[in-house]
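Asks: Sequence below, structure please.
(chains A and B)
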Protein chains: 2
Amino acid sequence: MDLLDDTVPGIGTYEDFNTIDWVREKSKDRDRHREIANKSKQSTVALLFSISDAFSGWLLMLLIGLMSGALAGGIDIAAHWMTDLKEGVCLNGFWFNHEHCCWASNETTFQERDKCPQWKSWAELMVGVSEGPGLYVVNYFMYVCWALLFAFLAVILVRAFAPYACGSGIPEIKTILSGFIIRGYLGKWTLIIKTITLVLAVSSGLSLGKEGPLVHVACCCANILCHFFTKYRRNEAKKREVLSAASAVGVSVAFGAPIGGVLFSLEEVSYYFPLKTLWRSFFAALVAAFTLRSINPFGNSRLVLFYVEFHTPWHLLELIPFVLLGIFGGLWGNTSLGHYPVLEVVVVTLLTALLAFPIEYTKMSSSELISELFNDCGLLDSSKLCGYTSNSGSTSGSVNATAANGLGARLAGPGLYTAMWQLALALVLKMVFTVVTFGMKVPSGLFIPSMAVGAIAGRLLGVCMEQLAIRHHERDIFRGWCSPGADCITPGLYAMVGAAACLGGVTRMTVSLVVIMFELTGGLEYIVPLMAAAMTSKWVADALGRESIYEAHIRLNGYPFLEAKEEFRHKTLATDVMRPRRGDPPVSVLTESGMTVEEVERLIADTTYSGFPVVISQQSPRLVGFVLRRDLVISLENARRHQEGVVSMSPILFTECDPPMSPSAPPAVKLRSILDLSPFTVTVHTAMEIVVDIFRKLGLRQCLVIQNGRLLGIITKKDILKHMAQMANRDPDSILFN
Amino acid sequence: MDLLDDTVPGIGTYEDFNTIDWVREKSKDRDRHREIANKSKQSTVALLFSISDAFSGWLLMLLIGLMSGALAGGIDIAAHWMTDLKEGVCLNGFWFNHEHCCWASNETTFQERDKCPQWKSWAELMVGVSEGPGLYVVNYFMYVCWALLFAFLAVILVRAFAPYACGSGIPEIKTILSGFIIRGYLGKWTLIIKTITLVLAVSSGLSLGKEGPLVHVACCCANILCHFFTKYRRNEAKKREVLSAASAVGVSVAFGAPIGGVLFSLEEVSYYFPLKTLWRSFFAALVAAFTLRSINPFGNSRLVLFYVEFHTPWHLLELIPFVLLGIFGGLWGNTSLGHYPVLEVVVVTLLTALLAFPIEYTKMSSSELISELFNDCGLLDSSKLCGYTSNSGSTSGSVNATAANGLGARLAGPGLYTAMWQLALALVLKMVFTVVTFGMKVPSGLFIPSMAVGAIAGRLLGVCMEQLAIRHHERDIFRGWCSPGADCITPGLYAMVGAAACLGGVTRMTVSLVVIMFELTGGLEYIVPLMAAAMTSKWVADALGRESIYEAHIRLNGYPFLEAKEEFRHKTLATDVMRPRRGDPPVSVLTESGMTVEEVERLIADTTYSGFPVVISQQSPRLVGFVLRRDLVISLENARRHQEGVVSMSPILFTECDPPMSPSAPPAVKLRSILDLSPFTVTVHTAMEIVVDIFRKLGLRQCLVIQNGRLLGIITKKDILKHMAQMANRDPDSILFN
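Replies: A predicted model of the protein is given here:
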């Protein structure tokens, strides 16, 4: 059902590792739309086709939402099961994870949920007894073995089948959305391998998260589903609109935050984000969130493991520790992440497993840890973190009646002290693990590990503040807000603020971060602490080094990414950036008539430029248009093969009307159809800041430089990026692609 | 402390009712920033100045948030008090409204809140007795009198002091944000009069809301506060960034929805919305929301009157009535609003007051009505809307134990039937009132009246559905979801969905609408119904007429607004739009040398163009640059006045180097400094869709058209808008401004 076939196959497509021309793609789409609209007036079938075409975008969004939600649910369930597999197995069926296993056996009570008879640790299963000194060692050994096996499998699969599946994929997606082509990056193999290895990597206990890679998974789904819709398959700009929506879907399923996901896509990854896409992204994100919820991977009908509800209001003075957490987050965002990609996965896994097993807080998965740290201590909490002297923290924000006598219920007990030491140790380990894990060749996200680091730091600070307030509640500073016996400080909130700060420091998200956190808590109440921490974190991180982890990754890979957020502040002119530079030979041009096939072929062979300006004549270099190298090569090959009588001496014509020719001359090759008659031009005096702005906003690939009507040079996206690198005292040759 | 003074005063400013040049404004700001950055390296004072300059944006946002929040709180309190004043007065102090009056008197119990002795209706006060047949008539009469007085005052004040204060102001703000200049529209008089008359208009009982005008109020605050910051006062582009944030603030205080406000600004009003503004808007919106909450105008520590919490989940089949509500909303968005601006305010007020008083649901204020309609019937509800046979609706979503016997507690009783009839009548009246009120010369918003219409329709449908489900709970269709006796349908949710649908139909908001509603309910649960209704409503409304109420208003006023959402779909070229048209005399140009002061002055006098291209010579019209009429006029006047020896025969030079001249010749006027050396150019073959895209994205005012290096014509924003009007079969002369 394709209405707009190109005459010569290949014209208008792009090569791998090249930048698309947004203007051309959008024009193509408008042409297509016009054609459909015109035809729809002629017949009922065409009308139906036009309607189905208009709704295909929504259908695609629905499918992306369903597929991504289902995949995310599957990954959650599988990762949960395999994480538990490291510790033991369920006798009722090996496919149950620890929690489901114990649910299935009716004998367990609320208290003993963790000790149900159906769940056997490996030691129990192998040694046969349920208690004894060797059990711990056997379980330790099995834990490390499973971790090594999972990590090994993950790295082997990635290396063998889909090298693009490693990392979080967000930097590359950002680059692709800005108009770059990386074939296979969003292909089906990447999807399959990424899904499998993500489960393996997460289950291996490495300090990495599945949230970032879920964005990649959702984008792969989108790209694959695009193949079923001509409108999106054949247009790189339209495809990128869909991918923008898919990244919103990824975050939506990762955090159960559809609005946050849309804002993440808008703020962090997308390049071209029209309002229509905003609305569709929101739809897709919602569908995905509801699909995930109906799968119910956590068995709590919540979208995320760490949904929280706090009841105590915060005090204005608490902004000081929140800002401190923000500073910590900003510093964390500037640690030398990603400098150890050479470390072997297996070694890191071994060390992680060996060191993590003995400590409760490093042994549990990062998201469980975060969930526990965010949690406010309730009446029934048996967690060590709630090990207060009289174990009866108040619930539901009401002042606990029993706590009115004296110092209150929240004085730290021995359980809490142990927990604090373990947490402090866990903080150091998590930080080291995360730094060495990042950059490894397995699917890995930084969201959850960063949040875990922040949450530990926050909880530690929160408990300190809490104890300080309880012990010194008669001091002026606390009197206003801490009545004796009442909860006045929620350590869980500190953990949450710390998590937000660290996540913000690494990714430099702002609004989307606060909105994601808002969707997790569901209350406007705690937005201000989150915002204070996010702002401080971003300012500190920016002051220390302007780049987010994604931008750093893009720069290291030499991708041609023109950052939309950073303003170009230098006072250079187009003439300083254009090629040829002063003193170089003039720019290689074609003339609209008078050149032969041979001459053009020689020019193509001698140069590597991806396009050539067409001028009236060499003597009067007044601009007629621009022709792309790829289109020219394909057209010449096509002419040589299919057009009769074309020889090396055949003239090439870009003119509208044929010039008079002798009848004996070889037939001309007419190429006006591949000529772009409206290339973008700037004058030599145009400030580079304006040129950069034009390139960004219109998504240009190149732009011609003229002075008083004469063509003087050309500026490509690569030239601009090289110039920007030079102005920032970086190596301009680090920009690899065009 | 201004570092960048222009040499000739007036250069670089704009006239009233003109469009700004975004590229120039942004360049000016970058120059300013560069200068400050350079100076900051030289001295400590300059460094401090540079830091304070960097943070001035945040300070401004803080102030806007505080001021707007405070004003919104004041408006709420005043409107509440004056609305009650129509009915009676408090004996404890005339400044108490009904609710506060009864709070103050301790004798009242929960049940009799409405009948406290301190609150006297006008009849009680004047006649002296508290019961009797004449009381109703006296109260009726006083109600109408007060309403007339308020409306009369409002219209007089607007007419006398600030004609710009009428309406919601959102269409004009949209136009201003797109780069138009309307002096005084956001001035202090507009602010003062709008604030006062808004209270009067709302209190008069007219069918209008204060939510839309609050956006105008917030923008006025922002504009006034901008005056204290050089960075924003002197740069029209920067000022518009602030105004974008201010519109987010307006919605934030109107609905207590900071995220929704930011999205509203992004989706509905803003034109240029960089990510930096997103973050700052969010900050300002939050500050405003918290300021408002600390003022606590509704005495419930909520930000809005109609905060809701539902407990019963919705069923998939309910999407059908929700979609019906969406269709209703779409139809409502296409009623012929604004066709009756000639109707006198006093007549409409009289009719409104006369008809509204007897019916409970039209007598109460729209926001109270919405609040009541959104409300789910609880155990203690004495509202007629909860008049079920056994008045014991279940609470908290749990199945009511007493209701298990038989048909359940929710069978409609006589109270509910009365309420239904009154609601149906109120629906008709509200619709008529809203249609005739819109367009009157008082501050008036459409948000709340539209929501009220939708809420009534939704509640009616909801109750019908509920009764249907209860009476036919044994049918297949209801069996799956309605167990006998349980609440399975929440009429409040229907009201909410209906409100969203009608609001969406009028404004065509999508994501922001859903997010605002989400912030009102606070649960992800009900996003899907809201989204279904919002989508249907938008589709229906768009299918019937593509314009939102704002766009219609902009078009009626002939403002030069280039809609960013609508794609330009026609296949015309730049050559079809540019001036001069084929056959007309060539474009009026200046030459870079060889013209005299007199010739230029004659050209200025003979034409009305707002700028002139500068070419090499009339014979070789190759483009050198572009000069604005205003700059040229100011410079020539300045030269005549201050430059010695300038006479009519003095040559005007735009060249870089002076051409050789005889020593006896009069001194030349050198104007290269006002010449824009990098005007935007397109070729004659450029598709208009691309030209429109360039104008939108770069915020251009004009663009020159060249062919093979020769200047052929010029396209201005007005030309484009006229062309678009023509293509849409509208009168091109309806575009009034440039």
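
Asks: How about the residues of the stretch 451-600 of chain A by chain B?
Replies: A:510-511, A:514-515, A:518-519, A:522-524, A:527-528, A:531, A:535, A:564-565, A:567, A:569, A:571, A:574 (Cβ under 8 Å from any Cβ of the partner chain). C-beta coordinates here come from the backbone N, C-alpha and C atoms, glycine included.

Asks: at 7 Å instead, please
Replies: By the rule Cβ under 7 Å from any Cβ of the partner chain, the part of the stretch 451-600 of chain A lying against chain B is A:510, A:511, A:515, A:522, A:527, A:528, A:531, A:565, A:567, A:569, A:571.

Asks: Residue in the stretch 451-600 of chain A with the shortest distance to chain B?
Replies: Relative to chain B, the nearest point of the stretch 451-600 of chain A is residue A:510 (4.5 Å; Cβ to the nearest Cβ).

Asks: from memory residue A:201 sits against residue A:440, does it?
Replies: No: judged on Cβ atoms under 7 Å, residue A:201 makes no contact with residue A:440 at a distance of 8.6 Å.

Asks: Closest residue of chain A to chain B?
Replies: Counting by Cβ to the nearest Cβ, chain A gets nearest chain B through residue A:709, at 2.7 Å.

Asks: Near that residue, how many residues? Count them for me, please.
Replies: Using other Cβ atoms under 10 Å in any protein chain shown, residue A:709 is surrounded by 25 other residues.

Asks: Who are the contact partners of the most centrally placed residue in chain A?
Replies: The centroid of chain A falls nearest to residue A:170 when counting by Cα atoms, centre = their mean (3.0 Å). For residue A:170, the contacting residues are A:212, A:215, A:269, A:550, by Cβ atoms under 7 Å, 6 or more residues apart in numbering or on different chains.

Asks: re the thing from before, from the residues of the stretch 451-600 of chain A next to chain B, list the buried ones, please.
Replies: Neighbour-count burial (16 or more other Cβ atoms under 10 Å in any protein chain shown) applied to those gives A:510, A:511, A:515, A:527, A:528, A:531.

Asks: Residue A:538 is in contact with the first one, correct?
Replies: Yes: the pair residue A:510 / residue A:538 is scored as a contact, 5.9 Å apart, by Cβ under 7 Å.

Asks: The nearest residue to residue A:41 once chain neighbours are set aside sits in which helix or strand?
Replies: Distance criterion Cβ to Cβ, 6 or more residues apart in numbering or on different chains; nearest residue to residue A:41, sequence neighbours excluded, is residue A:47 at 7.7 Å. Applying DSSP states H and E as the criterion places residue A:47 in helix A:44-85.

Asks: Paired strands for the helix or strand just after that helix, with orientation please.
Replies: Later in the chain than helix A:44-85, the nearest helix or strand by DSSP H and E is strand A:88-90. Applying DSSP bridges to the sheet, strand A:88-90 is found paired with strand A:119-121 (antiparallel).

Asks: which residues sit against the partner strand?
Replies: A:87, A:88, A:89, A:90, A:91, A:98, A:101, A:102, A:139.

Asks: other SSEs contacting the helix or strand residue A:602 falls within?
Replies: In this structure, residue A:602 sits in helix A:597-606 according to DSSP H and E. On a contact count with 3 or more Cβ pairs under 7 Å, 6 or more residues apart in numbering or on different chains; DSSP states H and E, helix A:597-606 meets helix A:629-642.

Asks: Can I get the helix or strand bottoming out on mean pLDDT in chain A in PDB? Just the C-alpha atoms.
Replies: Sorted by mean pLDDT, DSSP states H and E, the helices and strands of chain A end with helix A:476-479, the least confident at a mean of 72. Extracted in PDB, the C-alpha atoms of helix A:476-479 (Å, rounded to 0.1, in the frame of the first residue of the first chain):
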ATOM      1  CA  ASP A 476      15.600  26.200  70.600                       C
ATOM      2  CA  ILE A 477      16.300  24.900  67.100                       C
ATOM      3  CA  PHE A 478      14.200  21.800  67.500                       C
ATOM      4  CA  ARG A 479      11.600  23.100  69.900                       C
END
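
Asks: Give the other helices and strands that the following helix or strand past that helix contacts.
Replies: Using DSSP H and E, the helix or strand that directly follows helix A:476-479 along the chain is helix A:491-507. If contacts are counted by 3+ Cβ pairs under 7 Å, 6+ apart, helix A:491-507 sits against helix A:319-332, helix A:366-374, helix A:447-471, helix A:511-521, helix A:527-544.

Asks: and the angle from helix A:491-507 to helix A:527-544?
Replies: 30 degrees (axes from the mean of the first three to the mean of the last three Cα atoms, to 10 degrees).

Asks: buried stuff in helix A:491-507?
Replies: A:491-507.

Asks: ok, now stretch A:426-441?
Replies: Within stretch A:426-441, the residues scored as buried using 16+ other Cβ under 10 Å are A:426-427, A:429-431, A:433-441.

Asks: again with stretch A:645-659
Replies: By 16+ other Cβ under 10 Å, the buried positions in stretch A:645-659 come out as A:646, A:650, A:651, A:652, A:653, A:654, A:655.
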